[in-house]
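# Build me a structure from this.
(chains A and B)
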There are 2 protein chains.
Amino acid sequence: MAKNLTILGSTGSIGVNALKVVDNLGSALQVVGLSAHTNGELIISQARAYRPQRVAVSDPATARTVEKALAGSGIEVLAGPAGLVELAADEAADICLNGLVGAAGMEPTVAAVKAGIDVALSNKESLVMAGDLITGIQRRSGSRIFPVDSEHSAIWQCLTGEDQADIRRLILTGSGGPFRTRARETFGAITATEALNHPNWSMGRKITIDSATMMNKGLEVIEARWLFDLPAEQIAIVIHPQSIIHSLVEFTDGSVKAQLGLPDMKLPIQYALTYPRHAPARWEELNLVRIGELTFSDPDLEKFPCIGLAYAALKTGGTAPAVLNVANEEAVYRFLDGEIRFVDIPNLISAALEHHHQQDADELETIRQAGAWAREFARKWRPSGTPG
Amino acid sequence: MAKNLTILGSTGSIGVNALKVVDNLGSALQVVGLSAHTNGELIISQARAYRPQRVAVSDPATARTVEKALAGSGIEVLAGPAGLVELAADEAADICLNGLVGAAGMEPTVAAVKAGIDVALSNKESLVMAGDLITGIQRRSGSRIFPVDSEHSAIWQCLTGEDQADIRRLILTGSGGPFRTRARETFGAITATEALNHPNWSMGRKITIDSATMMNKGLEVIEARWLFDLPAEQIAIVIHPQSIIHSLVEFTDGSVKAQLGLPDMKLPIQYALTYPRHAPARWEELNLVRIGELTFSDPDLEKFPCIGLAYAALKTGGTAPAVLNVANEEAVYRFLDGEIRFVDIPNLISAALEHHHQQDADELETIRQAGAWAREFARKWRPSGTPG
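Just a heads-up that it's a prediction; the model follows:
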C-alpha cells in the first residue's frame, strides 16, 4: 500500500531531491502535500506533476499567483506561515518530510509531531531550538522522527537492531568545509563566494555557509543529542574531508559501526521514507577503490569557534540553543549581504549567548520569544570597532 | 544467568584470546569444556584456573599426561579425536567456541550443530568443507552459528536488524598480507620467515601463511557464502592494508555499512559470546585520527592465484571446496617444512582440483573421503621439473 507523503519545502534542495526519490520509489509513495516559500513557478509545475491534495505557499503574494495557476485543478492552496503549519499537521499524510530551511521549520515540525504524524526531518533547527519540547510531545503522540541529515541517518542506520545502553559514543564526521586547510590568519578576508564553494556537497546557501563556519557540525551535535537521547559528552566530531563515511557509532565493547555512501542526499531521504527497509536505486554506487583513501583529523576549534559555541549552548540548555541557532541564521544572512565579515559570525553568536537570559525551553511561546529576541539582537549587533 | 561455554582449541591463538574474554566478562560466562592437541602444560594450567567439567586432548600421549596431572581434580579428561567430538557435542554447553585450526575443526562443528548447541565459529574450514551439510543440519537442530572471524563478525554486525533481501553485496576486506607490494617476479624466493611476518594481525602459523597467499580471503568468501546464504557473485574482496574496516555490506539503495576496530581478535570473540548485546571492555580503543588514513585497492589476482582458485571451487561446489581446503593445508605445511616453494602452494591446489572427481557434499563420509584423497594427493605432489 502506498505511503502518503507531505514534503515541506519541496522547491528547495532537499525537496527537489525528495521528489527524485518519489520518482525512484514509484507506486510506494503518494504525494499528498507540497510547500514552497517564494518559488511559485516550481511549486506550480511540481503540483501539476505530483497531484497533491494541498499545497502551502508561505509567502502570501506568491500564494495568490499559485492559487490562480492551480484554479480548477482540485488542488487546495494554503497561504502564509499558518498554511504551512496547517499542511504539516494534515493527517492525510503518513509521513511529513520537513526540508524547510532555518528556524521557520520549527513550528511545522511541532505541528506534525503533535498530530502524531511521523517526521522525516531535514530541518535540524527544529530539534536544535525545541528538542526538549518536541521529544516531550513525541512521547505523548507516538510520532517518530526519522533523520534525513546524512550524518544522523548514518548513526540511525548504525543503530538498527542495537541496544541504546550499548552505545559508548557517536562520532559525527564533517568535511571541514572549504576552509579546512586555509590559514587562520586569512579568515578575515573570506568572501561569500569563497564560503559558498563547498568541496563535496551541493546544498542550499544557508547550510553551505554553516559548513564553512562548521556551525553546521555544532548544530548537528545538538540535533544528535535529541534524536539519540545522549549527552554532549558522548557526541564527538571528527574531520573526514572525503565525506564518504557519513558518521560512526562506537559501542561499549570498542566495536565501531559506520555508514558510508557517496555524498548524495537522495540516499538518506529515501531511507527515511522506506525505513526499516532499503529500496533498490540506480544512483551512482560507492566504489572505495576508486576513492582510494579516507582520511581523518581532529577539528580545529580555534579556526572554527562555532563548534565550541554550540557545545556551550547545549551545556547551558533551555533557550540557549534556540538563541544560538537564530543568531547564527541572522549572522549568516548578514555575512551573505556583505554587512559583517566571516569571522564576525561567531563573534555575533557569542555576544547573543552572553546577553541572553536563559530560560527553560519546554513551551513553544518561550522558544518563540527567545528566537525573536535573538533575531533582534543579531540584526542590531555591530562588530567592535565599527562606527555605530 | 551465566552462559556455559566450551572452548575447542583453548591453547591456540583464538582459545587464549577467548579466555581473556572470559576474564573480561566475569560471571556472565562459565567455562564447562576446554580442549588442546599437544600443549599439555597450558591446558593443565587453564583447567586449574577455569575449572571446566571436562577437557579433551586430541593427542593420546598428551592426554595421558594431562589425565595424570588433573587426577583428583574432578575434571574429566577425554582423549583422542573422538574425545574432541564428544566434548563438542556436550550439552552442558550453551555455546561452543570452535578455535581449532584446519580441517580437524570440521567434525567437532558438525557434532555441536547436530546436538543443537550454538557455535561461535573461528574454524572457517568447517563451513568451507561442509557448508551444505552443516547448514542442512542447522535447519533441523536449530543450532546457530556466530562468526568469530573478524571479517564475518563485521558483516554479521552490519546485518543486525537488516533484511536479507536488502543486501546487494558483501565486501570482505583483506590487508593484502606481507607481500601486497612485493614484485611478483620475486615470489619464487619467498621464505617461510618472510611469509610468517604478518603486518597487522598476530595469529597462528597456518592462517598467517594463508594471509600471505591470500587463500585466507578465498576461504572467507566460501565461508561467507554459507554464513549469509549469498552466491559468490554477491561477495567481493577489497584490499585495505590498515585492517581497520573489517568488512562492509552494501544494500540495494547504495547505502554501505561497515564495522571497524583495531585488529584484535578479542572483539569478535566477545561479540559472538554476548550477541545480540555489546559488553563493556577496556581494551585499546580505535582512534581514527591517530590512524589518519584508510586506503583501498583491488586484489591482484595474478599475484595471488589462490583467490581465483577459491572462487572456482565455490562455483564447482560439492566436494571441490573441501579438496581446495585440505590441499591448501598440506601445501602450507609442506611450504613451512621447506619441501615446496611459496609459489607452489597454488600450483599444488590447482592440480588437486583438476584431478579430483567432484561429488555432492551432503554426507559427512563423502567429505571425509574427498579430504583424505586431497591430503594424499597433496603429500605426493611434486612441482613440475622436480626429480620424482
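# Whatever residue of the stretch 101-250 of chain A ends up closest to chain B - nearest residue in space that isn't next to it in sequence?
Using Cβ to the nearest Cβ, the closest approach of the stretch 101-250 of chain A to chain B is made by A:G161 at 2.2 Å. Quick note: C-beta positions are derived from backbone N, CA and C, even for glycine. Counting by Cβ to Cβ, 6 or more residues apart in numbering or on different chains, A:G161 lies nearest to B:G161, which is 2.2 Å off, once chain neighbours are set aside.
# Let me see the contact set for the one you found.
B:G161 is in contact with A:T160, A:G161, A:E162, A:P276, counting by Cβ atoms under 8 Å, 6 or more residues apart in numbering or on different chains.
# and the two most separated of those residues?
Farthest pair in these (Cβ to Cβ) is A:E162 and A:P276. Separation: 12.9 Å.
# Looking at those two, which one has more neighbours?
Counted by other Cβ atoms under 10 Å in any protein chain shown, A:E162 and A:P276 do not tie: A:E162 has more neighbours, with 19 against 12.
# wait, doesn't A:A374 sit right on A:P321?
No. A:A374 is beyond contact range of A:P321, at 10.6 Å (criterion: Cβ atoms under 8 Å).
# Tell me which of these two has more neighbours.
The residue with more neighbours, out of A:A374 and A:P321, is A:P321; 33 against 29, by other Cβ under 10 Å.
# Pass me the low-pLDDT residue ranges in chain A, would you?
Across chain A, residues meeting the criterion (pLDDT under 70) sit at A:202, A:385-388.
# And it, what are its domain boundaries?
What automatic domain parsing lists as the domains of chain A is A:3-147, A:153-316.
# Report the distance from the longest one to the chain centre.
So that's domain A:153-316. Relative to its chain's centre, domain A:153-316 lies at 12 Å (Cα atoms, centre = their mean, to the nearest Å).
# where does A:H246 fall, helix, sheet strand or coil?
strand (DSSP: H, G, I helix; E, B strand; the rest coil).
# Can you tell me what sits against stretch A:124-135?
Under the contact criterion Cβ under 8 Å, 6+ apart, stretch A:124-135 has outside partners A:98, A:102-103, A:105-106, A:109-110, A:113, A:121, A:145, A:149, A:152, A:219-220, A:222-223, A:225-227, A:229, A:317, A:321-322, A:324-326, A:329, A:360-364, A:367, A:371.
# Among those residues, name the buried ones.
Burial by neighbour count, 16 or more other Cβ atoms under 10 Å in any protein chain shown: within the contacts of stretch A:124-135 this picks out A:98, A:102-103, A:105-106, A:109-110, A:113, A:121, A:145, A:149, A:152, A:219-220, A:222-223, A:225-227, A:321-322, A:324-326, A:329, A:361, A:364, A:367, A:371.
# Quick check: the residue of the stretch 101-250 of chain A closest to chain B vs A:P305, distance?
Per Cβ to Cβ, to the nearest Å, A:G161 is found 38 Å from A:P305.
# just A:G15 next, same as before
In terms of Cβ to Cβ, A:G15 sits 32 Å off from A:P305.
# neighbour-wise, which of these two wins?
Ranked by neighbour count (other Cβ under 10 Å), A:G15 and A:P305 place A:G15 first, with 25 against 21.
# wait, does the helix or strand in which the more buried one is found contact chain B?
When elements are assigned from DSSP states H and E, A:G15 belongs to helix A:13-25. No. Judged by Cβ under 8 Å from any Cβ of the partner chain, helix A:13-25 stays clear of chain B, getting no closer than 9.0 Å.
# Tell me the strands beside the helix or strand following that helix, with direction?
Next helix or strand after helix A:13-25 toward the C-terminus (DSSP H and E): strand A:29-36. Partners of strand A:29-36 in the sheet, by DSSP bridges, are strand A:3-8 (parallel), strand A:54-57 (parallel).
# so how far is the longest one off the chain centroid?
Between the mean C-alpha point of strand A:3-8 and the mean C-alpha point of its chain there is a distance of 17 Å (Cα atoms, centre = their mean).
# Helix A:13-25 and that one, what's the angle between them?
With axes from the mean of the first three to the mean of the last three Cα atoms, to 10 degrees applied, the angle from strand A:3-8 to helix A:13-25 works out at 160 degrees.
# Quick one: residues in contact with strand A:3-8.
A:15, A:18-19, A:22, A:28-35, A:52, A:56, A:84, A:87-88, A:90, A:92-100, A:105, A:108, A:123, A:273.
# Now find how far off-centre stretch A:147-158 is within its chain.
12 Å.
# can you give me the end-to-end distance of stretch A:164-177?
The separation between the terminal residues of stretch A:164-177, taken as Cα to Cα, to the nearest Å, is 31 Å.
# wait, does it make contact with chain B?
Yes. Residues of stretch A:164-177 contacting chain B under Cβ under 8 Å from any Cβ: A:D166, A:I171.
# List the buried residues in that stretch.
Neighbour counts using 16+ other Cβ under 10 Å place A:D166, A:I167, A:R168, A:R169, A:L170, A:I171, A:L172, A:T173, A:G174, A:S175, A:G176, A:G177 of stretch A:164-177 among the buried residues.
# Tell me which of these fall in strands.
Judged by DSSP state E, strands contain the following of those: A:I167, A:R168, A:R169, A:L170, A:I171, A:L172, A:T173, A:G174.
# I'd say the fifth one and A:E250 touch.
Pointing back at A:I171 there. Yes. With contact defined as Cβ under 8 Å, A:I171 reaches A:E250; the gap is 6.4 Å.
# got any residues that touch both of the two?
Common neighbours of A:I171 and A:E250 (Cβ under 8 Å, 6+ apart) are A:V256.
# Please enumerate the helices of the stretch 151-300 of chain A.
Using DSSP state H, counting those that start in this stretch, the helices of the stretch 151-300 of chain A run over A:192-195, A:205-213, A:215-227, A:266-274, A:288-291.
# phi, psi of A:Q358?
With angles defined as degrees, to the nearest 10, A:Q358 sits at phi -70, psi 140.
# give me the number of residues near it?
For A:Q358, using other Cβ under 10 Å, the count is 16.
# How about it, nearest residue that isn't a chain neighbour?
Closest to A:Q358 by Cβ to Cβ, 6+ apart is A:G318, at 4.6 Å.
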